[in-house]
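**Student:** What shape does this take:
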Amino acid sequence: MTVEVRTVDLPDAADEVGERGDRFRRHHELAIRVADARYAPGVLDLRPDERLAAWASSPSERHVRLEAVDGDRLLGAADLWLPMQESTDVLDFGTASDPALDAAEARAVHRTLVAHVLAMAEAQGRIVVMGGSPGLATAAPGSAAIAASTGFGAADPADAEAAPLVEAGFALEQVYRVSLVDLDALPDLPERLAAAHERSAGYRVVAWEGATPAEHRAAVRALHERMSTDAPVGDLALEPEIWSDERLAEFEEQKTRGGRTIRTVAAATPDGELVGYSRLFAGDSDVARQHDTLVVREHRGHGLGMLLKLANLAELATHHPRHRRVTTWNAEENRPMLATNEAVGFAPIAYEAVWQRRQSKEQS
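**Tutor:** Predicted coordinates for the structure are as follows:
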């Protein structure tokens with residue numbers, strides 16, 4: 001097997017006729033197979049136009065899709081995300097291989113993709129490179145698993161995705177837990193939401209669909225900025241983000257491109273200050289994706305995390321009754337949020353490891 005890496009020229013539309021459209025649709029099918037094997041069938045389903053929107057670049061982040069091929073056979077792919085406003089010395093990427101490959105073939109594909117990504121990072125002056133692989137909840141005693149620097153979670157260094165990262169000098173910084181909740185298993189959701197309101201007395205919930213209303217835009221921009229500083233990131237070299245109104249508009253437009261809907265709930269003080277929020281993305285699949293959930297530090301300890309989670313699930317059940325399941329990603333060291341998720345009914349379905357390699361400017 002000979003592995004060649006090429007940059008993918010994405011089409012303007014998912015149904016575009018011609019080589020670009022045909023290639024994109026092959027990548028879309030590969031992404032489905034990879035997600036089904038990694039998580040569970042249907043959990044991360046996207047329509048082609050939703051996936052094309054997810055792979056689009058923006059003023060704040062440039063996306064590059066690579067493919068690993070052997071002649072006309074698509075063996076695997078990589079997604080590269082290059083921040084364009086903050087953390088501009090960072091390149092974040094993930095690799096994937098066709099689940100039909102055997103272990104040796106998969107390792108060769110990932111190793112070739114990692115080498116190509118590192119060369120691109122060096123050429124573009126991106127001295128901090130972050131990569132991903134499957135993770136583990138814990139490192140079993142006596143096992144060869146590598147523990148994350150946070151002390152929570154681990155990864156198998158022999159995994160086909162992880163091995164090339166270990167070989168290239170990456171350190172395991174963080175592990176994320178991927179969790180799923182089924183609304184059909186929450187028949188008492190209205191009662192639990194009422195109890196959460198009682199516990200969070202003095203705060204009220206504000207909810208909306210789609211773009212943030214004008215009266216809340218400044219507050220939501222501030223919450224996005226706090227998400228970049230208050231959420232745990234371990235030792236990942238990420239800078240605080242600055243959110244202008246243009247950046248918020250671009251973010252919301254991209255997330256709703258392809259037919260997806262944003263549902264947002266926020267916690268407000270009696271004087272109307274927004275001190276926390278939770279957002280869900282609902283697309284064509286019956287599985288919605290939990291995005292950010294944040295309660296600013298000054299207002300923690302009042303049960304607002306639980307209130308926001310339950311309120312958004314109730315909003316989803318009311319306005320999108322076909323969406324019966326929700327996925328969420330949380331850092332394994334974020335025990336308060338994980339405890340909230342577990343109490344809501346989320347259960348783990350996978351773990352994702354985040355690796356990082358720093359290279360000095362002199363070395364690059």
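
**Student:** For Leu307, give me its contacts.
**Tutor:** 193, 196-197, 199-200, 203, 205, 267 (CB atoms under 8 Å, 6 or more residues apart in numbering). To be clear about C-beta, it is placed using only N, CA and C from the backbone, and glycine gets the same treatment.

**Student:** What residues sit buried inside stretch 175-186?
**Tutor:** 175-181, 183, 186 (16 or more other CB atoms under 10 Å).

**Student:** how about the closest residue in space to Leu308 that isn't next to it in sequence, phi and psi?
**Tutor:** Closest residue to Leu308 apart from its sequence neighbours, by CB to CB, 6 or more residues apart in numbering: Ser278 at 4.0 Å. The phi/psi pair for Ser278 (degrees, to the nearest 10) reads phi -150, psi 130.

**Student:** count of residues packed around Ser278?
**Tutor:** 28 (other CB atoms under 10 Å).

**Student:** Which of the contacts of Leu307 ranks first by neighbour count?
**Tutor:** Going by other CB under 10 Å, Ala267 tops the contacts of Leu307 with 26 neighbours.

**Student:** Show me the helices in the stretch 101-250 of the chain, by range?
**Tutor:** Ranges of helices in the stretch 101-250 of the chain, per DSSP state H, counting those that start in this stretch, are 103-123, 162-167, 189-199, 217-230, 245-256.

**Student:** ranges for the helices of the stretch 251-364 of the chain?
**Tutor:** 304-319, 335-344.

**Student:** Where does pLDDT dip in the protein?
**Tutor:** 360-364 (pLDDT under 70).

**Student:** mind giving me the domain split of it?
**Tutor:** With domains defined by automatic domain parsing, the chain comprises 4-177+353-358, 180-350.

**Student:** Centre of the chain to the last one, how far?
**Tutor:** Right, the one you point to is domain 180-350. Remark: domain 180-350 is offset 14 Å from the chain centroid, using CA atoms, centre = their mean, to the nearest Å.

**Student:** Check the separation of the first and last residues in it.
**Tutor:** 9 Å (CA to CA, to the nearest Å).

**Student:** just the longest one next, same as before
**Tutor:** With CA to CA applied, domain 4-177+353-358 spans 26 Å between its terminal residues.

**Student:** So which residues of the stretch 51-200 of the chain form strands?
**Tutor:** Along the stretch 51-200 of the chain, counting by DSSP state E, counting those that start in this stretch, strands occupy 61-70, 73-83, 90-97, 128-134, 146-147, 154-155, 171-182.

**Student:** looking at the ones you listed, which is closest to Arg20?
**Tutor:** Ranking the strands of the stretch 51-200 of the chain by proximity to Arg20 (CB to CB) places strand 61-70 first, at 11.5 Å.

**Student:** tell me what the closest one is packed against?
**Tutor:** Here strand 61-70 touches strand 4-7, helix 19-38, strand 73-83, helix 103-123, going by 3 or more CB pairs under 8 Å, 6 or more residues apart in numbering; DSSP states H and E.

**Student:** by contact count, what packs against the last one?
**Tutor:** Using 3+ CB pairs under 8 Å, 6+ apart as the contact criterion, the neighbours of helix 103-123 among helices and strands are strand 4-7, strand 61-70, strand 73-83, strand 90-97, strand 128-134, helix 162-167.

**Student:** picking that back up, make a markdown table from the buried residues of stretch 175-186 and add distance to Arg358 to it.
**Tutor:** Listed next are the buried residues of stretch 175-186 as a markdown table, based on distance: CB to CB, whole Å:
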| residue | distance to Arg358 |
| --- | --- |
| Val175 | 19 |
| Tyr176 | 20 |
| Arg177 | 25 |
| Val178 | 26 |
| Ser179 | 30 |
| Leu180 | 34 |
| Val181 | 36 |
| Leu183 | 42 |
| Leu186 | 43 |
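
**Student:** which one of those residues sits closest to Ala218?
**Tutor:** So of those, ranked by how close each gets to Ala218 (CB to CB), first place is Tyr176, at 30.0 Å.

**Student:** correct me, but the closest one touches Ala331?
**Tutor:** Yes. In this structure, Tyr176 is within contact of Ala331 by CB atoms under 8 Å, at 5.8 Å.

**Student:** tally of neighbours for the residue lying closest to Arg247 once chain neighbours are set aside?
**Tutor:** The shortest distance from Arg247 to any residue other than its chain neighbours is 5.8 Å, reached at Ser60 (CB to CB, 6+ apart). Using other CB under 10 Å, the number of residues around Ser60 comes to 18.

**Student:** Thought Gln85 was touching Ser60, still the case?
**Tutor:** Yes. With contacts counted by CB under 8 Å, Ser60 reaches Gln85, the gap being 5.0 Å.

**Student:** which residues do these two both contact?
**Tutor:** Arg247.

**Student:** Endpoints of stretch 338-354, how far apart?
**Tutor:** 18 Å.

**Student:** now do stretch 99-107
**Tutor:** End to end - CA to CA - stretch 99-107 spans 12 Å.

**Student:** go on, stretch 310-328?
**Tutor:** 13 Å.
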